[in-house]
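Q: everything below, folded, please.
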Amino acid sequence: SLAITAVYSVYMVAASLVLGLFLAVVITGRKRDAAFWQVIYFLPVTATMAAMAIVWRFILNDDFGFLNNLLRALHLPVVNWLKDPRTAMGSVIFISVWANAGYAMVLFLAGIANIPGSLYEAAAIDGSNKGQDFRFITWPLISPTTLFAVIIMTRRALSSFDSIKVLTNGGPINSTRVLSLLLYQEAFQFFNIGYASVIAVVFFV
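A: The predicted model follows:
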């Protein structure tokens, strides 16, 4: 369970940060409809994750899910997204990234907004392009924001419970049983209070 938690957290945090930073940079470059896209991408953060997980479970359903129906329409083999150990963790990570990238985006937008515009103007005079602006101005100056975002996203990854409980309940073959879910199962399903207490101490550390 510790190994599963580590894999889930690393991939979820990394993908959420990369996607969040990408969205923040793209939205910063849009002047007219920036606020609209901020709201759209932040909406999954405001939704109740357990309810959204139920929707995703229907989308990824083996028999009548939208995704498999689309694969059938394209004459491609269907996939047991949440019931195959080879795809279950990837599906859970994808849904978690979808739910958390908007949060990272808002953090990066705040960091980018604090960068003085005069730096970009000076760089433009020197012939800098957008790629160089990001590499030499944006990225170095949002490093404190990036560190803060890593901490926040890691905390959100480690505390993930409701989505995994609804989507897979730790299965198949315990391939998605993260530490928080193991703690819940040992305490409230199997009533191994002593073992659950030890897990809680490890989880706290």
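Q: excluding its backbone neighbours, what's nearest residue 113?
A: residue 28 (7.9 Å; CB to CB, 6 or more residues apart in numbering). Just so you know, the C-beta spots here come from the backbone N, C-alpha and C atoms, and that holds for glycine as well.
Q: any idea how far residue 108 is from the one you found?
A: Going from residue 28 to residue 108 by CB to CB, to the nearest Å gives 9 Å.
Q: the two: which is more packed in?
A: residue 108 (23 against 15; other CB atoms under 10 Å).
Q: settle this for me: that one is touching residue 18, isn't it.
A: No - Residue 108 lies out of contact with residue 18 (CB atoms under 8 Å); the separation is 10.5 Å.
Q: looking at this structure, which helix is longest?
A: helix 85-113 (DSSP state H).
Q: summarise which helices and strands that helix is packed against.
A: helix 2-28, helix 34-46, helix 49-59, helix 143-158, helix 162-167 (3 or more CB pairs under 8 Å, 6 or more residues apart in numbering; DSSP states H and E).
Q: I'd like the mean pLDDT over the helix or strand following that helix, please.
A: Sequence order places helix 117-125 as the next helix or strand after helix 85-113, per DSSP states H and E. If you average the pLDDT over helix 117-125, you get 91.
Q: and helix 117-125, how far from the chain's centre?
A: Put simply, helix 117-125 sits 33 Å off its chain's centre (CA atoms, centre = their mean, to the nearest Å).
Q: distance-wise, check the most centrally placed residue in the chain relative to residue 10.
A: Nearest residue to the geometric centre of the chain (CA atoms, centre = their mean): residue 97, 2.2 Å. Look at residue 97 and residue 10: by CB to CB, they are 12 Å apart.
Q: same deal with residue 25?
A: Distance of residue 25 to residue 10, given as CB to CB: 23 Å.
Q: out of the two, which sits in the busier spot?
A: residue 25 (19 against 13).
Q: report the contact partners of the more buried one.
A: 108, 112, 134, 138 (CB atoms under 8 Å, 6 or more residues apart in numbering).
Q: next, count neighbours for the last one.
A: Right, residue 138. 20.
Q: returning to that earlier point: for residue 86, find the nearest of the helices and strands packed on helix 85-113.
A: helix 2-28 (13.4 Å; CB to CB).
Q: and the angle for the closest one with helix 34-46?
A: Orientation of helix 2-28 against helix 34-46 (axes from the mean of the first three to the mean of the last three CA atoms, to 10 degrees) gives an angle of 160 degrees.
Q: now helix 2-28, how far from the centre of its chain.
A: 5 Å.
Q: so for it, what gets flagged as buried?
A: 4-5, 8-9, 11-13, 15-17, 19-21, 23-25, 27 (16 or more other CB atoms under 10 Å).
Q: now that helix: mean pLDDT?
A: For helix 2-28, mean pLDDT is 95.
Q: repeat for stretch 141-155
A: The average pLDDT within stretch 141-155 is 95.
Q: measure the closest residue to residue 16 other than its chain neighbours to residue 125 for me?
A: Among residues not flanking residue 16 along the chain, residue 100 sits closest, at 4.5 Å (CB to CB, 6+ apart). Separation of residue 100 from residue 125 (CB to CB): 38 Å.
Q: how close does the closest residue to residue 111 other than its chain neighbours sit to residue 21?
A: Excluding its sequence neighbours, the residue lying closest to residue 111 (CB to CB, 6+ apart) is residue 145, at 3.1 Å. According to CB to CB, residue 145 stands 9 Å off from residue 21.
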